[in-house]
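A.B. asks: build the 3D model from these lines:
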Amino acid sequence: MDIIQFILQVLLGITSVLLTLLILLHKGRGGGLSDMFGGGMSSAVGSSGLAERNLNRFTVVLALVWFVAIVGLGLITKFEAI
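C.D. replies: Numbering: from 1, shown residues only. Take a look at the predicted model:
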């Protein structure tokens with residue numbers, strides 16, 4: 001059980017960092033943080049519809065993996081106490 005818990009913790013750490021980076025790569029829908037990080041200047045880079053759709057897919061899949069890792073760690077922690 002300790003090996004599974006360690007693997008889930010590592011997976012959670014990696015997916016958390018990657019999820020943060022993928023969310024910051026999304027095209028901004030106006031003002032805010034996206035303009036602060038140069039979202040207004042890079043409109044030519046994010047103009048591809050296919051690239052945006054693939055980024056959305058990768059983000060959703062990574063978010064699901066992140067969610068499964070959190071639920072798995074929660075269940076392991078709950079049943080270790082019993």
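
A.B. asks: now the chain, which segments are flagged as low pLDDT?
C.D. replies: By pLDDT under 70, the low-scoring segments of the chain are 28-48.

A.B. asks: angles on the backbone of the residue nearest the centre of it, please.
C.D. replies: The residue lying closest to the centre of the chain (Cα atoms, centre = their mean) is L19, at 1.8 Å. According to degrees, to the nearest 10, the main-chain angles of L19 amount to phi -70, psi -40.

A.B. asks: wait, it sits on T59?
C.D. replies: Yes - L19 is in contact with T59 according to Cβ atoms under 8 Å; the separation is 7.1 Å. For the C-beta atoms, the positions are set from N, CA and C on the backbone; glycine is no exception.

A.B. asks: how close does the residue nearest to the centre of the chain get to L11?
C.D. replies: Applying Cβ to Cβ, to the nearest Å, one obtains 12 Å for the distance of L19 from L11.

A.B. asks: which residues are in contact with each of these two?
C.D. replies: Shared contacts of L19 and L11 (Cβ atoms under 8 Å, 6 or more residues apart in numbering): none.

A.B. asks: coming back round to it: check contacts around the residue nearest to the centre of the chain.
C.D. replies: Going by Cβ under 8 Å, 6+ apart, L19 touches T59, L62, A63, W66.

A.B. asks: select only the buried ones of those in ChimeraX?
C.D. replies: Listed next is the ChimeraX selection for buried residues among the contacts of L19, using 16 or more other Cβ atoms under 10 Å:
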select :59,62,66
